[in-house]
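Colleague: Provided below are the primary sequence and the corresponding predicted coordinates.
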Amino acid sequence: MRNPLKPSPLQVAFTYAVLVIAAIVVLFPLYWVAVTSLKLPIDVFNGPFYLPFVDFKPSPHAWQYVFGVLGPDVKRAYLNTASVALASAAITLFLGAFAAYGLTRFEYRPRVGAIVAFIGCLVLGVVLSVLGTPVGVAVAVALALFFLVLQTLGRRFKRSLGNQDVAFWMISNRILPPVVVVIPIYLLFQQLGLLDTRTALIASYTAVNLPIAVWLMRDYFMGVPQDVEESAQIDGASRYRIFFSIVLPLAAPGLVATFLLVLVFAWNEYLVALFLSKANAQTMPLLVSAMSGTRGTEWWYMSVVILIMILPVVVMAIILERYIERGLIVGAVKG
Amino acid sequence: MRAPKDDSRQVPSERTGPGQSRPLQRLYGWLEHRAGLVFLLPAVVVILGFAIFPLLGSLYTSLIRIRFSGGQTELDFVGLANYRKLLLGSEQAHFLGRGGEALWVWVTLFFLALLLAWGLYRRYRQGRGGLAWSLLGGALVLAFAWLVLSRLVPGSLLGTLQTTLFYVFAGTALQYGLGLWLALLCAERLPGTRFFRVVFMLPLAITPVGIAYMFRMLTDTSKGPLQPLWAALGLEGFSWVNDPWGARFAVLIGDTWQWTPFAFIVLLAALQSIPQEQIEAAAVDGATRWQTFRYVIFPYLLPASATLVLIRMIEGFKIVDLPNILTNGGPGTATESITLHAYFAWRTLDVGTAAALGFTLLVLVSVFSTVYARALLPRARGEG
Amino acid sequence: MKFKRIFALLAGVAALTAMLLAGLVQGQGRRFDGVQINVLTFTGPQIAEPLRRRGREFEQMTGARVNVVVVPFADLYQQILTDATTGTNSFDAWIFAPQWMADFVPAGIMEDLTARIRADRDIQWSDIGEFFRNFSASYGGKIYTIPLDGDFQMVYYRTDVLQQLNLRPPQTWDDYLAIAKAAHGKDWNGDGRADYGSCIAKKRNAQSYWMFTSILGGFVQSRGTQQGAFFDTDTMRPLVRNEAFAEALRVYKETTQYGPPDELNLDVGDTRGLFTSGRCALSVDWGDIGTLAIDPQTSKVKDKVGAVILPGSRRVLDRASGRLVSCTASLCPHATGGINHAPYAAFGGWSGGINIKARPQAKDAAYALFSYMSSPAVSGKDVTIGITGFNPYRTSHFKNLKLWTDAGFSEAGARVYLGAIEASLNSPNMILDLRIPKNQQYQQVVLDKALSEFLAGQINAQQAMDQINSGWEEITNAEGRERQKQAYRASLSIER
């Protein structure tokens, strides 16, 4: 399948030139990290030195330290990062695809009255529990009132919102900077008794990354031609069957892209991990930042940790990259 | 990731055979009837459950001050004092900067006001209502323009607000442009582009803290890898960190390096949904490459682009790791973003100020993104 | 509240019983069989390394299990407070900076160790430097921490550079500037590139404000530790808008002229690297450069490093008039040769403290662990090892020169290094780091930001002083002037 817009050789050369320059810009910093991981402190500070064996004598001291002294920490953090990131990315993708499909194929009309009632009762519940009412009672009172208001006043106030507003509400949850919300989140998980567990991390990453997944996949689902779905519906296929066997395969490139993105977001998250984990659930980003202590930054150790942290993601990108391809989609549509 | 082909088998068939019981049938019926709810509700519940408590918690935090005394933690309720300090009190210059006076600022504002008035007049002529809202909006735009322009006069000082705006707008534009360009080049399906695709995703794989440290190494002018280049340019005694704009651009470059792949991946995936036939048809009609891009490809990319820009703007407002590690907000306060400002306050237990900053940011970004979502998104999606 | 008191009483009784029982069973089993303690500190090699190593020894001896938890340094303070004040209490003990006691003690999360230390012979309390005993480890007359490290700043110089320039080590800050000026721009490590006269960590939100206070000290405090260097102890007015502060600002800014071009973006990690790779003639730092300079992995300047007590001044602040006046016997009782030195115990040295909510057994075990780590024999070894991050703080550390020559010092080098530390340690005019509630806001936010803006040229000296003054007053007024004043006096051990 060749591009019919056959580019002239000059254009091809230009394309390659741009790609190569961009690749150098991307790869050189990583090369520098790799070289730094082989340097003794004195080689770092007397630098710049570029080539091992030519400019300076490489030393495995940093690798030995990270795998030796820090070995148990690194291994635990590695397993934590991998399991947390994979689990939360999978859940995020699943829930996100569901919601995104809903938002592109159905019409939602949440009533303003209901939302106002909900917020009002929520505030009431919080005020009650602050004033000393037991939490259970406060929740019960708030809930009861909510349904009461919903059934009476809520019905009269008919103005409603649309899909846009639902989507916008979702994404607006990402606006507050993490430093501001991290202590409430800490208290939340403390109350649930989930501090220092992977469950807490998976739950928070899923919730935090879900809006992004929804937004991205909404666009990909919109790009999927609806006539195929309609004909399937006429054939009597259920909504869920259409979703799983027609829509998802058609949106595969978008799914893969979204998966990669939410995976790296969870893989790299720092502040929430810092607060929710003590020893058992510590993740790799904490280790990276830990390489800067009272003695200043230990560049050589930090470089090693950065390198071993990228590796699995690179492998994942290599494996999944092929799915961001046109071929799959075209085949599916025609088949 | 599920393999697409397997999924059809996992879904229970809803076409119930004669042997199946009625309750099950009714369940399927209900599921089918309320499919919209079933699709959306799980995500809403998860987000809501996780968002509400932190939101209320931090709103409360912005109204208090923490004190330790007598063996316990006291939470003193101080009302809006934290906000007052930020907008009018001792933190004002830090947050909003210090303006300078210059003629060109007022001239620019004057022309902007004229432009707005003309727009208002046109709306009025067309008989569209909402005059009060339009006036309010116009006043806000003018105030905001003053807040930015007067900080660019020599001798004035940018606050963390203006610095953040610079990161957000310059960063988003750069990342989108570069990401789009690279995605288009990689979509050309020349031999070897698969290698480049993987390479261009790499920066995303590094934790932001790590990237920030990496750029500290790279931007070091005395022992970093670019030192010979500096020396050759005769800049050996010069350091970008002593210059406010030099330092800001260093942060911007790091941010662009880190986030261009985000735009790249999203747009690359979006490019795949364009029907190949249309491009071929355009080529047959003798369209140039630019014309093909402008009239065939770009319209397909618009929805994803609009989403992408919104997400990047929202995330960009929260930039913290790069300035924190690269310069710690220095020289002076030149590279400090709003989130970093909040982080510094928070780290020294001034949680009230940190939360107040967070909520000011929330209001600001909400206004920005509401305008964006109302005015631009529908048009980009071809809905308005 | 009643419940709390009863609980405390019960805990006390339980602790006593446990101690008695422990004493009884010591003969048979090991003392802390089956007790696990969680100790929080920051990810190092420093601090965490000796803690793990000595922790294992301690486990063997007593049967306790020492579980070391580490978080990045920048987040340690927040982590301790969040964990303890929300009642999570996952940690039994912490190793932290004693400056933070000003928040931890009023928050009621720290165990009073006075009685334990009185009853403990092995720790040899009186061997610990007087300053650390009376100020660093104590707050309001009670002992809350066990010092594991001695921290104060000194000036390091290159002996070969001074020799070639035919100059003597700096006695005053003017000397310092003169040496820096003379040495700047010449090649001092033989790589053909011009090197720097003075390297000081001036990065914002790093160590800059400690460096500045080291310069300020000699100008502002002359009558001993209890005079205080930050606030007037009677009125709690900041000692900021005066000639001493202006002079210190001038010196601080002038050192930048003789430093690396990106000095405003260097933290101590960078300046130490530059100094030990031979690129700087002078530096201000804690004790770490001494041990780093003998490490072949990091150093090109082995046996070429000298250290002196922080330079001082012949003119000091007259607090009544706010002017700098020449030293007299009554104004500078501790001056040597007419020069007033005020060494600065910046940061204060890593210390061990115990969570008041820990189980009694865990408290005992944690105390025993810290006592073991601090004991002369054990700490005497650890302070000579660069990787521990521990600097000497006991009299016995200075007496035994062999410890240092074994570690790789030349004898002359060890004498100079230890001499400088001892001179600082024994100075009755040591400056105690600010230890009042919200000290992080006073220093890290207000002082540090103003310094950074001043160095970057955003504001001038007068504006910087005004900004610091009003910033400090704002915090003081918000916290309550009287309360802050009492806290400041308590930190200086001034009786009411």
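Modeller: The structure has been received and is ready for your questions. Numbers count the residues shown, from 1 in each chain, chains lettered A, B, ... in the order given.

Colleague: can we go C-alpha only for contacts and neighbour counts from here?
Modeller: Noted.

Colleague: all helices for the stretch 1-150 of chain B, in order.
Modeller: Applying DSSP state H, counting those that start in this stretch to the stretch 1-150 of chain B gives helices spanning B:7-10, B:22-33, B:35-61, B:81-87, B:92-96, B:103-125, B:131-149.

Colleague: can you redo the ones you listed as CSV with mean pLDDT?
Modeller: Converted to CSV, the helices of the stretch 1-150 of chain B look like this (pLDDT from 0 to 100):
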stretch, mean pLDDT
helix B:7-10, 35
helix B:22-33, 82
helix B:35-61, 86
helix B:81-87, 90
helix B:92-96, 88
helix B:103-125, 87
helix B:131-149, 83
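
Colleague: which one of those lies closest to C:Ile80?
Modeller: Among those, the nearest to C:Ile80 by CA to CA is helix B:35-61 (19.3 Å).

Colleague: which parts of the closest one are buried?
Modeller: Buried residues in helix B:35-61, counted by 16 or more other CA atoms under 10 Å in any protein chain shown: B:35-40, B:43-44, B:46-47, B:50-51, B:53-59, B:61.

Colleague: ok, back up a step: switch the helices of the stretch 1-150 of chain B over to CSV; also include distance to chain A.
Modeller: Output for those, formatted as CSV (distance: least, CA to the nearest CA, whole Å):
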stretch, distance to chain A
helix B:7-10, 5
helix B:22-33, 7
helix B:35-61, 4
helix B:81-87, 14
helix B:92-96, 16
helix B:103-125, 25
helix B:131-149, 20
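
Colleague: for those helices, which one sits closest to C:Thr41?
Modeller: Among the helices of the stretch 1-150 of chain B, the nearest to C:Thr41 by CA to CA is helix B:35-61 (27.5 Å).

Colleague: tell me the pLDDT of residue 151.
Modeller: Because you didn't say which chain, this covers chain A. Note on A:Gln151: pLDDT of 70.

Colleague: that was the other one, I meant chain C.
Modeller: For C:Asp151, the pLDDT comes out at 82.

Colleague: looking at the stretch 201-335 of chain A, which residue is nearest chain B?
Modeller: Residue nearest to chain B within the stretch 201-335 of chain A: A:Asn268 (4.4 Å; CA to the nearest CA).

Colleague: hmm, B:Thr353 is touching B:Ala345, no?
Modeller: Yes. Between B:Thr353 and B:Ala345 there is a contact under CA atoms under 8 Å: 6.5 Å.

Colleague: of those two, who's got more company?
Modeller: B:Thr353 (29 against 21; other CA atoms under 10 Å in any protein chain shown).

Colleague: where along the stretch 1-150 of chain A do the helices fall?
Modeller: Going by DSSP H, counting those that start in this stretch, the stretch 1-150 of chain A shows helices at A:9-36, A:41-45, A:61-67, A:71-105, A:112-130, A:135-151.

Colleague: report how many residues lie close to the residue lying closest to A:Leu27 once chain neighbours are set aside.
Modeller: Residue nearest to A:Leu27 in three dimensions, not counting chain neighbours: B:Val199, with 7.6 Å by CA to CA, 6 or more residues apart in numbering or on different chains. For B:Val199, the neighbour count with other CA under 10 Å is 19.

Colleague: restrict whichever strand or helix holds B:Val199 to CA atoms and write it as CSV.
Modeller: Using DSSP states H and E, B:Val199 sits in helix B:193-201. Extracted in CSV, the C-alpha atoms of helix B:193-201 (Å, rounded to 0.1, in the frame of the first residue of the first chain):
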residue,chain,number,x,y,z
THR,B,193,9.5,5.5,10.1
ARG,B,194,8.6,2.8,12.6
PHE,B,195,11.9,3.4,14.2
PHE,B,196,11.2,7.1,14.4
ARG,B,197,7.8,6.5,15.8
VAL,B,198,9.2,4.6,18.8
VAL,B,199,11.9,7.2,19.3
PHE,B,200,9.5,10.1,19.4
MET,B,201,7.5,8.4,22.1
